[in-house]
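1. fold the following.
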Amino acid sequence: MLESLSERLQGIFSGLRGKGRLTEEDINSAMREIRLALLEADVNFKVVKQFCARTKERCLTAEVLESLTPAQNVVKIVLDELTELLGRTDSKLVLSSRIPNVIMLVGLQGSGKTTAAAKLAYRLKQEKHSPLLVACDVYRPAAADQLQTLGDEMGVRVYRGDGKDPVAIAKEGVQDAIDHLRDVVIVDTAGRLHVDDEMMEEAEAIKRAVKPDQILMVVDAMTGQDVVNVAAAFAERVDFDGVIMSKMDGDARGGGALSIKQVTGKPIKFISAGEKPDSLEEFHPDRIAKRILGMGDMVSLIESAVRVQQEAEEAETAKRLAKSQLTLNDFVDMNRQIRKMGGVRKLVSALPGGDKALGSGQVDEGALDHMEVIINSMTKAEREKPDLLNGSRRARIAAGAGVSVTEVNQLMKQFNETKKMMKKMMPSVDELSGKKGKKGKRRRRIPGMPGGMSMADIKKVQAMLEQGDK
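-> Okay, here's the model as predicted:
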């Protein structure tokens, strides 16, 4: 996501580091490089011109903060301006008190509307809503079948209708939601390969018929700054409320994301990267700006951890780890938790410098899967009691996993090092259970490794990080 722009900007800033004082020529040279980087990222040229003018003025007039070097001060100014460019404040999807809420999706054909509709339904279902998907694209072959398949996979009802009138189907869909006690209706409308009057008139007719609470435009991130012209046309005719930026994982430049808010005034509400139902994420301008500058996105990483943490499993696992009873089954559980958080790629990309490490091939994305294959070749007793693994057992495991004995030995070395580290970091059983110490005081619970950190601990760290952003 935005890898090319991120790499260019980080390269520009690395050239400024180490200078005790920045001259006006240094600033002008950096601004020229930033301008080229943004234009190559396919950002709208008017947006680039305004961005560089504001940034240059601030860099030349700003006082250097005591805690920052001149180069760090420039980075801070660019971060502030990037955040402003992307929207400054979060623009969340707010549902009204109306039942059912109606959300209408519009956009060109191929932008990913149908997939976005399904992902939005999945997200709302996770938030304890009861969504209904309405298939109003009666022109694209198998469009309704695609939505039906996605709905069946997620357990979300899909209304298709019997006729060929999309306006009638939309109205019937809202009534179907009322009849089946659904509190949110997501209307998937038809698109065209380009903007035309027929498509706009149909969108306007559906809008008049169902009176949507929210209209979201789905745009393909790979379209670049051309998406701005399309968004402007939709804004004029149907006056949408926000944007879902799809296919962010396929766009290394990011011109559309950096241009659309400034040109149309419409905020990005969600971004989608990947095909999984849970790949639709709320858009946070400040976090994306930090990722572009290589600062990572720890808040989102912790929020992902909160979603996958299970309180019931946590207490039992934490007590076992506190007694240094880490098993190879725990290694497999950690791997599965990381998968739920988006896998190694998403985990590493959220860390400072992670995108750069991924781009240079320094990270083996299949390492955890490789590890799980080896562990699955062991017996139940061997996984629970790793001390049983003598030379002959390791040879058998290597043959079963299709790897060398050396690789099995490396896995066990990593396991033993992790076990030692966790023994040092984990609290005692009394601390985990909250038992009182000798003086009658309840011992403070110390957060440790995965399984030792409670939901409350994670939320505290999340609050601290968010406070730090402010």
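
2. okay, and the closest residue to residue 292 other than its chain neighbours sits in which element?
-> Among residues not flanking residue 292 along the chain, residue 6 sits closest, at 5.0 Å (CB to CB, 6 or more residues apart in numbering). Quick note: C-beta positions are derived from backbone N, CA and C, even for glycine. Residue 6 is located in helix 3-16, with elements delineated by DSSP states H and E.

3. which helices and strands sit right next to that helix?
-> In terms of contacts (3 or more CB pairs under 8 Å, 6 or more residues apart in numbering; DSSP states H and E), helix 3-16 is packed against helix 24-40, helix 70-86, helix 285-292, helix 354-359.

4. ok, the nearest residue to residue 176 once chain neighbours are set aside - contacts?
-> Nearest residue to residue 176, sequence neighbours excluded (CB to CB, 6+ apart): residue 159, at 4.7 Å. Contacts for residue 159 were tallied using CB atoms under 8 Å, 6 or more residues apart in numbering; they are 132, 133, 134, 135, 169, 172, 173, 176, 177.

5. redo that, cut-off 6 Å
-> 134, 173, 176 (CB atoms under 6 Å, 6 or more residues apart in numbering).

6. show me what contacts the second one?
-> For residue 173, the contact set (CB under 6 Å, 6+ apart) comprises 134, 159, 185.

7. where does the residue found closest to the first one once you drop the neighbours it is linked to in the chain fall, secondary structure wise?
-> So that's residue 134. Spatially, and ignoring its direct neighbours in sequence, residue 134 is nearest to residue 173 (3.3 Å; CB to CB, 6+ apart). Using DSSP H and E, residue 173 falls within helix 166-179.

8. again with residue 19
-> Residue-wise, residue 19 maps onto no helix or strand under DSSP H and E.

9. now residue 43: how far from residue 86?
-> Distance, residue 43 to residue 86, using CB to CB, to the nearest Å: 11 Å.

10. repeat for residue 230
-> Relative to residue 86, and taking CB to CB, residue 230 is found at 19 Å.

11. tell me the mean pLDDT for the helix holding residue 6?
-> In this model, helix 3-16 carries a mean pLDDT of 76.

12. for it, list every residue counted as buried.
-> Buried residues in helix 3-16, defined by neighbour count with 16 or more other CB atoms under 10 Å: 3, 4, 5, 6, 7, 8, 9, 10, 12, 13, 16.

13. just the pLDDT for the spatially closest residue to residue 178 that is not a sequence neighbour.
-> In this structure, residue 178 finds its nearest non-sequential neighbour in residue 100, 6.6 Å apart by CB to CB, 6+ apart. pLDDT recorded at residue 100 is 90.

14. just residue 444 next, same as before
-> Residue 444 carries a pLDDT value of 39.

15. list the buried residues in the host helix or strand of residue 202.
-> Following DSSP H and E, one finds residue 202 within helix 197-210. By neighbour count with 16+ other CB under 10 Å, helix 197-210 contains the buried residues 199, 200, 202, 203, 206, 207, 209, 210.

16. quick one on the thing from earlier: for the buried residues of helix 3-16, which one is nearest residue 384?
-> The closest of these to residue 384 turns out to be residue 3 (CB to CB; 42.0 Å).

17. name the residues that touch the helix holding residue 202?
-> By CB under 6 Å, 6+ apart, helix 197-210 touches 102, 106, 167, 170, 171, 174, 189, 192, 237, 238.

18. starting at the chain centroid, how far to it?
-> Relative to its chain's centre, helix 197-210 lies at 32 Å (CA atoms, centre = their mean, to the nearest Å).

19. strands paired with whatever helix or strand comes next after that helix, and their directions?
-> With elements assigned by DSSP H and E, the helix or strand that comes after helix 197-210 is strand 214-220. Looking at strand 214-220 with DSSP bridges, its partner strands are strand 101-106 (parallel), strand 242-246 (parallel).
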